[in-house]
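Participant: the following comprises the amino acid sequence and a computationally predicted model.
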Amino acid sequence: NEMRVILPISLSFAFLAHGFLLPLKLELGKVQKSKLIEMVAAPASTVTSVNRNQNFAKLAAGYLFPEIARRRNAYLAENPNTRPIISLGIGDTTLPIPAHILSGLINGASKLGSKETYSGYGAEQGISALREKIAENLYNGKIKADEVFVSDGAKCDIARLQLMFGSEVVSAVQDPSYPVYVDTSVIMGQTGSVNKDTSQFEKIVYMPCNPTNDFFPELGSLPRADVIYFCSPNNPTGAVASKAQLTSLVQHAKKNGSIIVFDAAYAPFIRNPLIPKSIFEIEGARSCCIEVNSFSKYAGFTGVRLGWTVIPDEVKFSDGTPVRQDFNRVMTTAFNGASNIVQSGGIACLDKEGIEEISKLMDYYLGNASILKKGIEECGFKAHGGKDSPYVFVDLKGEKSWDMFSKILENAQVVTIPGAGFGPGGEGFLRLSAFAPKESCVEAVQRLKELFKNK
């Protein structure tokens, strides 16, 4: 009564080796017999016949933030008895979600437990009440509710916009910039290979943004691009574009027939009333601009996931097709809408009580940014940003950013972000994030002062 069954090894438990005999009860019709099953590995196939998307091969290294985590973990593995590491790295919020906003999430979840209030699939574009609140409370009626697409975050929407634009467009990015703009351009096939002399991808327009030009590109010297990615307050530099600068950017786009994708994820940190929080505060922006935004920094939703994209009716492709029409097709094809629970929390964010809670969160992190900027300057470095922004961009005066990252990690047990990870224009800088707890920021400054006391 023995039966030899050959199963692919992938169907067996990982700890079962070839030839291990496992007694099992097999249901054979209505007759149950004790059998011995020998797990025999099927011939392994090392490759399929499917060609790899060669655009991924152009990305020489892993995505920046997982690489930071890998190096941190490697250091901890080699130094298990080190003092606790302080992270001034990835821009992940650390304060808990405030009470009123949390009540919106709880209410959204509780509705799913009742037959009368249960909801399943919603509109891919978002709940109407949330779209209306975004349009009215955040844009003061400058955009319409049906021009708002609610999503699971700005980063995801940038990828969806790239999917919509396709492989034939030329993109322009600030240098340095948030890696997603470049990486998604590469994955979509918009670029050539990396130029070894410049460390820049061919067919991308790099817009230098550094202290010599006040972190705003010299637009007149740049070649034309179809799509211009621009972030203010900027990640990683902490620079905030003035109304005059953004006006010139919009005029540049209109002159060249370009579309601006304006990343406003850090808009709530702006305290200066003269600084625009939205590109739609600029005259003419409705005909050439798209804006992406997120509740991640607004309300500590980095793990909750909720964002939105605004595409006015006036923005059109060269053949007259409304851009909004094609983005709607992407959303309805590749997205089932943000979670009903999360959108309920988003509605609470934009209540009067929620907006007050958000303001307090922003004040806390801006206080941290001030601590970090003052502290690193007392270490002898020049620092940018940290005002109207949660990021401090540190000029290393010629030192390599990955070398300084390692030095600080190994000697001060503080994680930073090397500027080179944001593009070649970031070499020689470090980014410090103000999203750590206040006490961690204070301790980090003390450690850095000790490290650089003889600088």
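Facilitator: Noted; the coordinates are in hand. Numbers count the residues shown, from 1 in each chain.
Participant: and the helix ranked longest in the chain, what's buried?
Facilitator: Across the chain, the longest stretch assigned as helix under DSSP state H is helix 352-378. Neighbour-count burial for helix 352-378 flags 354-355, 357-358, 361-362, 364-366, 368-369, 371-373, 375-376 (criterion: 16 or more other Cβ atoms under 10 Å). C-betas here are computed from N, CA, C, even on glycine.
Participant: same check on stretch 332-345?
Facilitator: Within stretch 332-345, the residues scored as buried using 16+ other Cβ under 10 Å are 335, 337, 338, 339, 340, 341, 342, 343, 344, 345.
Participant: model confidence for the third one, exactly?
Facilitator: Residue 338 carries a pLDDT score of 96 in this model.
Participant: in contact with it, which residues?
Facilitator: Applying Cβ atoms under 8 Å, 6 or more residues apart in numbering to residue 338 gives the contacts 126, 150, 151, 152, 305, 306, 346.
Participant: and the furthest pair within these?
Facilitator: Farthest apart among the contacts of residue 338 by Cβ to Cβ are 126 and 305. That separation is 13.2 Å.
Participant: neighbour count: the two, which is higher?
Facilitator: residue 126 (23 against 17; other Cβ atoms under 10 Å).
Participant: give me the pLDDT for that one.
Facilitator: 97.
Participant: run a quick neighbour tally on residue 219.
Facilitator: The local packing of residue 219 (other Cβ under 10 Å) involves 17 other residues.
Participant: excluding chain neighbours, what is closest to it?
Facilitator: Leaving aside its chain neighbours, residue 219 sits nearest to residue 252 (4.4 Å; criterion: Cβ to Cβ, 6 or more residues apart in numbering).
Participant: my guess is that neighbour contacts residue 258, does it?
Facilitator: Yes - look at residue 252 against residue 258 with Cβ atoms under 8 Å: they come within range, at 7.5 Å.
Participant: need the residues touching each of those two.
Facilitator: Common neighbours of residue 252 and residue 258, using Cβ under 8 Å, 6+ apart, are residue 228.
Participant: only the buried residues of the helix or strand just after the longest helix of the chain, if you could.
Facilitator: Next helix or strand after helix 352-378 toward the C-terminus (DSSP states H and E): strand 382-385. By neighbour count on 16+ other Cβ under 10 Å, the buried set for strand 382-385 is 383, 384, 385.
Participant: ok, residues contacting strand 382-385?
Facilitator: 211, 215, 233-234, 237-239, 369, 372-373, 376-377, 391-395, 397.
Participant: and residue 367, what does it touch?
Facilitator: So residue 367 contacts residue 438 (Cβ under 8 Å, 6+ apart).
Participant: begin at 445 from here
Facilitator: Yes, from this point I'll number from 445; that puts the last item at residue 811.
Participant: leaving out the residues flanking it, which one is nearest to residue 529?
Facilitator: Take residue 529 and drop its neighbours on the chain: the residue closest to it by Cβ to Cβ, 6+ apart is residue 857, 4.9 Å away.
Participant: these two touch, right, that neighbour and residue 530?
Facilitator: Yes - counting by Cβ under 8 Å, residue 857 does reach residue 530; the two are 6.7 Å apart.
Participant: what's the overlap in contacts for those two?
Facilitator: Residues touching both residue 857 and residue 530 (Cβ under 8 Å, 6+ apart) are residue 891.
Participant: so what pLDDT did residue 632 get?
Facilitator: With respect to pLDDT, residue 632 has a value of 97.
Participant: tell me the contacts of it?
Facilitator: By Cβ under 8 Å, 6+ apart, the contact set of residue 632 is 499, 606, 607, 609, 610, 611.
Participant: before we move on, back to that, count the residues that sit near the residue nearest to residue 529.
Facilitator: Residue 857: 20 neighbours (other Cβ under 10 Å).
Participant: and if you look at residue 567?
Facilitator: For residue 567, the tally of surrounding residues (other Cβ under 10 Å) stands at 13.
Participant: what do you get for the one 10 residues further on?
Facilitator: Residue 577 sits with 20 neighbouring residues when counted by other Cβ under 10 Å.
Participant: CSV please, covering the buried residues of strand 826-829 and showing pLDDT and distance to residue 541.
Facilitator: Converted to CSV, those look like this (pLDDT from 0 to 100; distance: Cβ to Cβ, whole Å):
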residue, pLDDT, distance to residue 541
827, 98, 30
828, 98, 30
829, 98, 26
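Participant: tell me the one among these nearest to residue 510.
Facilitator: Residue 510 lies nearest to residue 829 out of the buried residues of strand 826-829, by Cβ to Cβ, at 23.9 Å.
Participant: name the residues linked to that closest one by a beta bridge.
Facilitator: residue 836 (DSSP bridges).
Participant: I'd like the distance between it and residue 680.
Facilitator: Here the criterion is Cβ to Cβ, to the nearest Å. By it, residue 829 lies 8 Å from residue 680.
Participant: just the buried residues of strand 826-829 now: which is nearest residue 729?
Facilitator: If you rank those by distance to residue 729 using Cβ to Cβ, residue 829 comes first, at 24.2 Å.
Participant: neighbours of residue 556, how many?
Facilitator: Residues near residue 556, counting by other Cβ under 10 Å: 12.
Participant: ok, residue 589 next?
Facilitator: Using other Cβ under 10 Å, residue 589 has 18 other residues around it.
Participant: roughly how far apart are it and residue 573?
Facilitator: 9 Å.
Participant: nothing else from me, thank you.
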